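Q: Kindly generate the corresponding structure for this input.
(one chain, ligands or ions: 1)
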Amino acid sequence: MSTQLALEIRDLSLSYGVVRAVEDVNLNIEQGRLVGIIGPNGAGKSTLIKAIAGAKDPDHGTIRIVGETGRAGRRKLTYVPQRGAVDWDFPISAEGVVRQGRFGGLGLLRRFGKADRRAVQDALDAVAMTSLKDRQIGELSGGQQQRVFLARALAQGGEVFLMDEPFAGVDAATEKAIMAVLRELRDAGKTVLVVHHDLVTVADYFDEIVLLNRTTVAHGPTSRVFTPENMRATYGGHLAIFDAQSQIEAVE
Ligand SMILES: Nc1ncnc2c1ncn2[C@@H]1O[C@H](COP(=O)(O)OP(=O)(O)OP(=O)(O)O)[C@@H](O)[C@H]1O
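A: Numbers count the residues shown, from 1 in each chain. Here you go, the predicted structure:
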């Protein structure tokens with residue numbers, strides 16, 4: 001139902017041993033939004049999206065995805081982890097990776113059918129990787145690997161897409177191509193959450209942003225939330241702000 005929230009997070013906290021990585025996060029995201037998750041290193045961005053994806057159990061709190069919790073909710077979700085979190089030496093072709101996106105939808109007795117082959121082909125086309133589909137993934141550039149990852153997500157489908165730093169280590173052309181696909185998903189009514197580092201592109205890329213530093217510092221339309229004041233509150237001193245050009249850059 002279109003009135004349902006894409007994502008509803010209540011009182012979410014997660015720890016690694018004694019380190020509280022995410023604390024008391026409350027968040028409502030409406031459907032059909034392209035959302036940036038922004039915050040300094042170690043702010044808990046990856047941890048938060050791992051929790052949403054079900055890859056990390058929370059200490060407490062609830063996560064509802066298009067109205068559903070647990071497995072039913074996760075069936076509506078597609079998670080694209082950081083490229084660095086994947087073993088690219090695994091012997092599989094680009095097409096093989098994209099086909100993996102369809103396996104979750106295969107019942108025990110169902111074969112990989114015409115619709116699956118079509119979805120894989122369409123996904124490879126969407127990211128302009130059809131000509132390299134037989135290439136081993138270890139022999140692709142970083143940007144090409146990221147395109148293949150995105151194609152797998154497209155083949156999988158779903159209502160909510162979680163992307164952990166999709167632009168890390170990719171060239172400008174690939175970044176543009178990925179952004180075009182993410183905008184198409186949004187325009188088709190999907191919800192896309194992107195962990196993002198480049199503050200220069202935030203205003204151009206995202207309808208709304210979540211500023212995170214362990215907990216949500218601010219959330220809302222980018223035009224309202226992406227202010228020097230909020231950015232200072234999120235990044236502390238690690239920020240250089242050039243008010244004259246309205247540019248904000250993180251200082252590592
Ligand atoms: N596997 C782990 N074991 C222990 N602590 C961890 C682990 N993963 C993350 N942490 C800690 O949890 C906190 C949040 O980490 P997380 O990776 O979620 O941050 P992030 O915002 O995604 O950072 P970055 O921008 O650097 O990728 C950090 O203090 C980090 O050191």
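Q: The closest residue to residue 134 other than its chain neighbours bridge partners, please.
A: Distances taken as CB to CB, 6 or more residues apart in numbering put residue 93 closest to residue 134, at 5.3 Å, once the chain neighbours are dropped. Yep, even glycine has a C-beta here, placed from its N, CA and C like the rest. Under DSSP bridges, the beta-bridge partners of residue 93 are residue 136.
Q: And for residue 93, the neighbour number?
A: 17 (other CB atoms under 10 Å).
Q: Was I right to think it contacts residue 137?
A: Yes: the pair formed by residue 93 and residue 137 meets the contact definition of CB atoms under 8 Å, at 7.1 Å.
Q: can you list the residues of the chain near the ligand?
A: Contact residues, the chain versus the ligand (CB under 6 Å from any ligand atom): 16, 19, 21, 39, 41, 42, 43, 44, 45, 46, 47.
Q: tell me the mean pLDDT over whichever strand or helix holds the last one?
A: The reference is to residue 47. Following DSSP states H and E, one finds residue 47 within helix 45-53. Average pLDDT, helix 45-53: 94.
Q: Do you have the strands of the stretch 1-150 of the chain handy? List them.
A: 7-16, 19-29, 34-38, 60-65, 77-80 (DSSP state E, counting those that start in this stretch).
Q: quick one, which of those strands is packed in tightest?
A: Ranked by mean neighbour count under mean count of other CB atoms under 10 Å, the strands of the stretch 1-150 of the chain are led by strand 34-38, which reaches a mean of 26.
Q: Sheet-wise, list the partners of it with their directions.
A: Partners of strand 34-38 in the sheet, by DSSP bridges, are strand 191-195 (parallel), strand 208-213 (parallel).
Q: okay, the angle between that strand and strand 19-29?
A: If you take axes from the mean of the first three to the mean of the last three CA atoms, to 10 degrees, strand 34-38 sits at 160 degrees to strand 19-29.
Q: pretty sure residue 9 is in contact with residue 61, am I right?
A: Yes: contact status for residue 9 versus residue 61: in contact at 6.9 Å, counting by CB under 8 Å.
Q: Could you measure from the nearest residue to residue 71 once chain neighbours are set aside over to the ligand?
A: In this structure, residue 71 finds its nearest non-sequential neighbour in residue 54, 7.9 Å apart by CB to CB, 6+ apart. Separation of residue 54 from the ligand (CB to the nearest ligand atom, to the nearest Å): 15 Å.
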